[in-house]
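Student: got a sequence here, can you model it:
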Amino acid sequence: MAEADIAVIGLAVMGQNLILNMNDHGYTVCAFNRTVKVVDDFLANEAKGTKIIGAHSIEEMCKKLKRPRRIMMLIKAGSPVDSMIENILPYLEKGDIIIDGGNSEYTDSNRRAEQLASKGILFVGCGVSGGEEGMFFKGDLLKIAGNCISRMCFEPVILSDE
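Tutor: Next comes the predicted model:
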């Protein structure tokens, strides 16, 4: 059942366009949003005819990911990120990677990286700019922080020039 290279959580405009960009570069992406209807609408409209897949639960999303699992969150910074990490953790194992693309405070990113490292989960804080068009048309700018291993595991997907 594991078929997706990466999952993206958060299907607002930035998340949708990032997923479409990854798809255009040959990656299979699993789309997840806490509101199931948003996932279904995205798959039926913007993602129609692509190899993008959807998930209706965090457990389903994690089962659809190749290992090591790479999960990028494009959700509001702050407590929503902490809550989502807590919801994801039961389905992860050592070596999996969580990427926070929500422009979190660096102190929060450092705290999360330390807490997750104690569980063997790799964490990357990734500031995203370029707006909705940048995420689709490759004019995007990513400021990536994290340990070298986690960066090497996810940068090929995010920075692809294929």
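Student: from now on I want contacts and neighbour counts done on CA atoms only, so please keep to that.
Tutor: Noted.
Student: what bridges to the spatially most central residue of the chain?
Tutor: Among the residues of the chain, the one closest to the centroid is M72, at 1.4 Å (Cα atoms, centre = their mean). For M72, the beta-bridge partners are V8, I99 (DSSP bridges).
Student: mind listing what it touches?
Tutor: Shown in contact with M72 (Cα atoms under 8 Å, 6 or more residues apart in numbering): I6, A7, V8, I9, I98, I99, D100, G101.
Student: which of these has the weakest pLDDT?
Tutor: The member of those with the lowest pLDDT is G101, at 87.
Student: that residue contacts I71, correct?
Tutor: No - using Cα atoms under 8 Å, G101 is not in contact with I71; the gap is 10.2 Å.
Student: could you double-check that A31 lies in contact with A55?
Tutor: Yes - here A31 lies in contact with A55, judged by Cα under 8 Å, at a distance of 6.3 Å.
Student: run a quick neighbour tally on A44.
Tutor: Counted with other Cα atoms under 10 Å, the neighbours of A44 add up to 11.
Student: what's the pLDDT at it?
Tutor: Reported pLDDT for A44: 99.
Student: begin at 14 from here
Tutor: Understood, numbering begins at 14; the last thing we discussed is A57.
Student: can you report phi and psi for it?
Tutor: phi -80, psi -20 (degrees, to the nearest 10).
Student: same check on F45?
Tutor: Dihedral angles (degrees, to the nearest 10) for F45: phi -140, psi 140.
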